[in-house]
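**Student:** Structure for this input, please:
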Amino acid sequence: RRPPPPVAAMINDAGENIDLYIPRKCSWTNRLITAKDHAAVQLNIAHLDESGVYTGACTTFAIAGKTRSMGESDSALDHLWSKKKGEVGQHF
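**Tutor:** Numbers count the residues shown, from 1 in each chain. The predicted structure follows:
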């Protein structure tokens, strides 16, 4: 009997994942965003300090094309950011 094929994971000697393609998930629906979803977007929202200066950190949201085509991406991003900004200390 032949042994099962090895798991296809590209991990280097330092233990870092170096796969060529890692699929994203929609931040709103948790569905996988496929490589053929050309309507999907990924947004980085910058974090600011109290004086409004960029701190170098950001929060990333990915929205699937299906959510965008239904016209729900604006309310989805508003809801996601209102939940996240309390966690990262953005109260203004």
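**Student:** report the longest helix in the chain, please.
**Tutor:** As assigned by DSSP state H, the longest helix anywhere in the chain is helix 73-88.
**Student:** Mind giving me the packing neighbours of it?
**Tutor:** Applying 3 or more Cβ pairs under 8 Å, 6 or more residues apart in numbering; DSSP states H and E, one finds that helix 73-88 makes contact with strand 41-48, strand 54-63. All C-beta atoms are positioned from the backbone trio N, CA, C, and that covers glycine.
**Student:** hmm, try it at 7 Å
**Tutor:** Taking 3 or more Cβ pairs under 7 Å, 6 or more residues apart in numbering; DSSP states H and E as contact, the helices and strands that helix 73-88 lies on are strand 54-63.
**Student:** before we move on, back to that, list the neighbours of the longest helix of the chain that are in contact with it.
**Tutor:** Applying Cβ atoms under 7 Å, 6 or more residues apart in numbering, the external contacts of helix 73-88 come out as 27-28, 45, 47, 59, 61, 63, 67.
**Student:** run the last query once more with 6 Å
**Tutor:** 27-28, 47, 59, 61, 63, 67 (Cβ atoms under 6 Å, 6 or more residues apart in numbering).
**Student:** Using PDB, write down the CA coordinates of it.
**Tutor:** C-alpha atoms of helix 73-88 as PDB (Å, rounded to 0.1, in the frame of the first residue of the first chain):
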ATOM      1  CA  SER A  73     -20.700  47.200   1.500                       C
ATOM      2  CA  ASP A  74     -21.200  50.700   3.000                       C
ATOM      3  CA  SER A  75     -23.300  49.600   5.900                       C
ATOM      4  CA  ALA A  76     -21.000  46.500   6.400                       C
ATOM      5  CA  LEU A  77     -17.900  48.600   6.600                       C
ATOM      6  CA  ASP A  78     -19.600  51.100   8.900                       C
ATOM      7  CA  HIS A  79     -20.700  48.300  11.200                       C
ATOM      8  CA  LEU A  80     -17.300  46.500  11.100                       C
ATOM      9  CA  TRP A  81     -15.300  49.700  11.800                       C
ATOM     10  CA  SER A  82     -17.700  50.800  14.600                       C
ATOM     11  CA  LYS A  83     -17.000  47.500  16.400                       C
ATOM     12  CA  LYS A  84     -13.300  47.500  15.700                       C
ATOM     13  CA  LYS A  85     -12.400  51.100  16.600                       C
ATOM     14  CA  GLY A  86     -13.200  50.500  20.200                       C
ATOM     15  CA  GLU A  87     -10.700  47.600  20.300                       C
ATOM     16  CA  VAL A  88      -7.900  49.700  18.700                       C
END
